[in-house]
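In: below are the sequence and a predicted model; questions follow.
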Amino acid sequence: MYLTSRSSDWFKALAVYWQPGLRSMLFLGFSAGLPLLLVFGTLSFWLREAGISRATIGFLSWVALAYAFKWVWAPLVDRLELPWLTRKLGRRRAWMLLAQLSVIVGLCGLAFSDPRQSLQSFALLALLVAVSSATQDIVIDAYRIERAEVRLQGAMAANYMIGYRLAMIVSGGGALGMAQWASPTETGYHLSAWMFAYLVMASLMLVGVITVFLIDEPDVHPDAATLEQEAVIDRVIEQQGWLPGSLRTFTEWFYGAVVSPFADFIKRYSWQAVLILALIATYRISDVVLGVISNVFYVDMGFSKREVAIVANVLGVIMTLLGAIVGGMLVTRLGVMRILLLGGVLAASTNLLFAWLAGIGHSVVMLTLVISADNLSAGLATSAFVAYLSSLTNVSYSATQYALFSSVMLLLPKFVGGFSGVMVDGLGYVNFFLITASMGIPVLILILLAMRYLPSSGNHNHD
């Protein structure tokens, strides 16, 4: 009887993924995940094959810092109406569509560029894709938070990640496989092959475009306390008769769109906000710093595009999906913080496996074991982390606050990751991977502190 009850509980936890409101996150996740590797890992493979130095590739990875600074323009996404589009589609869907079309333009631009001929313009096009992709992330994250209650955010995050990681199979292994298929020879650099791969990737962004026209705009109403707080400030600003009318109007908008989301977060958490931001800033550091150089590492270890596509980009992403599903279920059953701690331990420790692989050299079997373990732990950790970040937001400022959290999450890791090529040149791969593993130790300390001083972390709602 006990076993039957337990099985029923786990079946109910799994069934949550199939609720109608959660299904759209698969396709939105796909649209969000597709551009990432095309300006990150896959792009690094292209650049290395074109003969670009490791140090230059490392610095070019800074275009992905757009994801870390998206909080700067998130208030515009939260409050600014787009001419015509907002009236036709609604606030969230209008911004989604604009971002997706911009990604398509940027990917087509990359397809018709050659990094050997004009690396600067190539980098600018990659930056356009990154900024547009980051904008899409802002609005999709806001849509996800507004679409479901906190209890379902773990499952929403897992569904989103499934779509996201499937897109990474396509933009990672799929793009490499297409480039390999389109190459006239097994080895060597062929620009036409990369052009073909990136044009196909641009066309696949239509998945997101179609989804925008099929989903409904979320029906969200700010809570009374938030509206009252903004109304008080608006009255104070209106009383400043010395300000021109247009400037008073702008000041009211600026306070509501830009100042209020950050002030609300500080007001709710006080000194604990520092602990929360420190945890967010470092949680993904081991994975992200390693990820900057991973594809370069595979090339230097002698792995072919086909081997990397199958093992790292297909099998690896499948393992990430499995980790995400397990993580979503465990968050529903055991709570966010316990799984956050487990994910932190696994994310740091699996980096040691890369040091082991660097010592062994070219071995597809060992690569398979390392990638499987690393991606399984990454999926579990990310599922818990996204649920944790979602629980911290006030739905009145969901786009801006979540953008702040996810930007803080990437800023330090992406910045440090920019020096990964220089670190490998000076220290070698084994020592580099040992250092990335050690970066996870402070993270575990911060999680334990959060569990001690924020006992209700990840289990409250702010709507």
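Out: Happy to help now that I have it.

In: and what about residue 302, helix, strand or coil?
Out: Applying DSSP: H, G, I helix; E, B strand; the rest coil to residue 302 yields a three-state assignment of coil.

In: assign the residue lying closest to it once chain neighbours are set aside to helix, strand or coil.
Out: Of all residues not flanking residue 302 in the chain, residue 362 sits nearest, at 4.4 Å (C-beta to C-beta, 6 or more residues apart in numbering). C-beta here means a position set from N, CA and C on the backbone, and glycine is covered the same way. State at residue 362, reduced to three classes by three-state DSSP: coil.

In: burial check on residue 362, number of neighbours?
Out: Residues lying near residue 362 (other C-beta atoms under 10 Å) number 14.

In: ok, so what distance separates it from residue 50?
Out: Going from residue 362 to residue 50 by C-beta to C-beta, to the nearest Å gives 22 Å.

In: mind pulling the model confidence for the residue nearest to residue 302?
Out: Residue 362 carries a pLDDT value of 86.

In: residue contacts, it?
Out: 301-303 (C-beta atoms under 8 Å, 6 or more residues apart in numbering).

In: return the member of the residues you listed nearest to residue 33.
Out: Lowest distance from residue 33 to the contacts of residue 362 (C-beta to C-beta) belongs to residue 303, with 22.7 Å.

In: low-confidence bits of the stretch 1-150 of the chain, can you list those?
Out: Across the stretch 1-150 of the chain, the ranges flagged by pLDDT under 70 are 1-21, 148-150.

In: show me where it has its helices.
Out: In the stretch 1-150 of the chain, the helices defined using DSSP state H, counting those that start in this stretch lie at 2-15, 20-38, 41-49, 54-60, 74-79, 85-89, 91-111, 119-147.

In: columns mean neighbour count and distance to residue 67 on top of those helices, output as a markdown table?
Out: Formatted as a markdown table, the helices of the stretch 1-150 of the chain follow (neighbours: other C-beta atoms under 10 Å; distance: least, C-beta to C-beta, whole Å):
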| stretch | mean neighbour count | distance to residue 67 |
| --- | --- | --- |
| helix 2-15 | 10 | 31 |
| helix 20-38 | 23 | 8 |
| helix 41-49 | 24 | 14 |
| helix 54-60 | 20 | 15 |
| helix 74-79 | 23 | 12 |
| helix 85-89 | 14 | 23 |
| helix 91-111 | 23 | 13 |
| helix 119-147 | 23 | 5 |
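
In: save those helices as TSV, and put in distance to residue 421 too.
Out: Output for those, formatted as TSV (distance: least, C-beta to C-beta, whole Å):
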stretch	distance to residue 421
helix 2-15	42
helix 20-38	18
helix 41-49	10
helix 54-60	3
helix 74-79	30
helix 85-89	40
helix 91-111	21
helix 119-147	15
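
In: between those helices, which one is nearest to residue 423?
Out: Ranking the helices of the stretch 1-150 of the chain by proximity to residue 423 (C-beta to C-beta) places helix 54-60 first, at 8.4 Å.

In: contact partners of the closest one?
Out: Contacts to helix 54-60, defined as C-beta under 8 Å, 6+ apart, come from residues 43-44, 47-48, 52, 119, 123, 126, 292-293, 296, 417-422, 424-425.

In: the same query, at a cut-off of 7 Å, please.
Out: Defining contact as C-beta atoms under 7 Å, 6 or more residues apart in numbering, one finds that helix 54-60 is touched by 44, 47-48, 123, 292-293, 296, 418-422, 424-425.

In: in PDB, list the C-alpha atoms belonging to it.
Out: Extracted in PDB, the C-alpha atoms of helix 54-60 (Å, rounded to 0.1, in the frame of the first residue of the first chain):
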ATOM      1  CA  ARG A  54      42.400  30.800 -28.500                       C
ATOM      2  CA  ALA A  55      43.000  34.100 -26.800                       C
ATOM      3  CA  THR A  56      40.900  36.000 -29.400                       C
ATOM      4  CA  ILE A  57      38.100  33.400 -29.200                       C
ATOM      5  CA  GLY A  58      38.100  33.800 -25.400                       C
ATOM      6  CA  PHE A  59      37.800  37.600 -25.700                       C
ATOM      7  CA  LEU A  60      35.100  37.300 -28.400                       C
END
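
In: closest one of the contacts of residue 362 to residue 320?
Out: residue 303 (19.0 Å).

In: residues in contact with the helix or strand where residue 277 lies?
Out: Using DSSP states H and E, residue 277 maps to helix 272-282. Applying C-beta under 7 Å, 6+ apart, the set of residues contacting helix 272-282 from outside is 265-266, 269, 392, 405, 408-409, 411-412, 442-443, 446-447, 449-450, 453-454.

In: I'd like the average pLDDT over that helix.
Out: pLDDT averaged over helix 272-282 gives 85.

In: distance of the closest residue to residue 288 other than its chain neighbours relative to residue 427?
Out: Nearest non-adjacent residue to residue 288, counting by C-beta to C-beta, 6+ apart: residue 413, 3.5 Å away. Residue 413 sits 18 Å away from residue 427, taking C-beta to C-beta as the criterion.

In: check residue 273 too.
Out: 36 Å.

In: do residue 157 as well
Out: 35 Å.

In: next, the residue nearest to residue 302: phi, psi?
Out: Main-chain torsions, residue 362, degrees, to the nearest 10: phi -70, psi 110.

In: what's the burial count for residue 434?
Out: Neighbours of residue 434 under the rule other C-beta under 10 Å: 15.

In: that one is in contact with residue 355, isn't it?
Out: Yes: counting by C-beta atoms under 7 Å, residue 434 touches residue 355, with 5.3 Å between them.

In: can you pull the contacts of the closest residue to residue 53 other than its chain neighbours?
Out: Leaving aside its sequence neighbours, residue 53 sits nearest to residue 421 (C-beta to C-beta, 6+ apart; 7.5 Å). Shown in contact with residue 421 (C-beta under 7 Å, 6+ apart): 54-55, 57-58, 293.

In: ok now the strand or helix carrying residue 421, how far from the chain's centre?
Out: Using DSSP H and E, residue 421 falls within helix 420-427. Taking the mean of its C-alpha atoms, helix 420-427 sits 25 Å from the chain's own mean (C-alpha atoms, centre = their mean, to the nearest Å).

In: who has more neighbours, residue 413 and residue 427?
Out: When residue 413 is set against residue 427 and neighbours are counted by other C-beta under 10 Å, the residue ahead is residue 413, at 25 against 13.

In: what angle do the helix holding residue 421 and helix 41-49 make?
Out: Computed by axes from the mean of the first three to the mean of the last three C-alpha atoms, to 10 degrees, the angle separating helix 420-427 from helix 41-49 equals 50 degrees.

In: look up how far residue 383 lies from residue 42.
Out: 24 Å.

In: actually residue 216, not the one I wrote
Out: 25 Å.

In: the more surrounded of those two?
Out: residue 383 (32 against 11).

In: so what's the more buried one up against?
Out: Listed by C-beta under 7 Å, 6+ apart, the contact partners of residue 383 are 154, 157-158, 161, 324, 327-328, 331.
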